[in-house]
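Peer 1: when you get a sec, could you give me coordinates for this:
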Amino acid sequence: MSTKAIRKAMAARKMAMAHREAVRMATPRTNRLARLSLPDFIPAITPNWDRPDHLRPITDAVERAANSVYGTEVNACISGPPQHGKTETILHAIVWYLLRHPERTVGFISYADRYARSK
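Peer 2: Numbers count the residues shown, from 1 in each chain. Down below sits the predicted model:
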């Protein structure tokens with residue numbers, strides 16, 4: 001067996017173990033939260049926040065990605081005025097997405113690597 005095949009098999013095993021652990025840790029509350037739409041999920045876990053209806057294009061893109069067939073691309077470029085909740089909405093979206101799909105991986109990319117690492 002080649003080194004590449006061994007690495008691939010190890011990665012698949014690690015992913016399967018992570019998925020089993022995520023399913024084991026799921027609670028009725030996390031299952032309920034995962035069934036909410038993203039705009040409803042945000043105030044459910046951050047009660048002092050309102051529903052981000054002004055960021056509907058962002059939440060729609062994330063919901064399209066979450067409901068798409070695995071491997072299907074959903075491309076989005078997010079731009080808007082400062083301090084309108086773009087980053088916080090995306091961070092909430094990552095949590096919401098991983099509650100729905102604990103076996104998947106999400107990357108957070110920003111204009112500055114230090115900023116992305118801090119999130």
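Peer 1: quick one: contacts for the residue nearest to the spatial centre of the chain?
Peer 2: By CA atoms, centre = their mean, the chain has its centre lying nearest to Ile94, at 2.3 Å. Applying CB atoms under 8 Å, 6 or more residues apart in numbering to Ile94 gives the contacts 106, 108. To be clear about C-beta, it is placed using only N, CA and C from the backbone, and glycine gets the same treatment.
Peer 1: excluding chain neighbours, what is closest to Thr59?
Peer 2: Distances taken as CB to CB, 6 or more residues apart in numbering place Leu38 nearest to Thr59, at 4.5 Å, with adjacent residues excluded.
Peer 1: where in this structure is pLDDT low?
Peer 2: For the chain, applying pLDDT under 70 flags the ranges 1, 14-29, 70-71, 110-119.
Peer 1: can you give me the helices in the protein?
Peer 2: 3-25, 28-35, 38-45, 56-67, 86-100, 113-118 (DSSP state H).
Peer 1: related to what we said a few turns ago, count the neighbours of the residue nearest to Thr59 for me.
Peer 2: When counting by other CB atoms under 10 Å, one arrives at 23 neighbours for Leu38.
Peer 1: and what of Val69?
Peer 2: Applying other CB under 10 Å, we find 5 other residues in the vicinity of Val69.
Peer 1: my guess is Ala34 meets Leu98, correct?
Peer 2: No: counting by CB atoms under 8 Å, Ala34 does not reach Leu98; the two are 9.1 Å apart.
Peer 1: including distance to Glu73, could the helices of the chain go into CSV?
Peer 2: As requested, the helices of the chain are exported to CSV (distance: least, CB to CB, whole Å):
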stretch, distance to Glu73
helix 3-25, 20
helix 28-35, 23
helix 38-45, 19
helix 56-67, 9
helix 86-100, 15
helix 113-118, 20
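Peer 1: of those helices, which is nearest Ser79?
Peer 2: helix 86-100 (8.3 Å; CB to CB).
Peer 1: what residues of the closest one count as buried?
Peer 2: By neighbour count with 16 or more other CB atoms under 10 Å, helix 86-100 contains the buried residues 86, 89-90, 92-93, 96-100.
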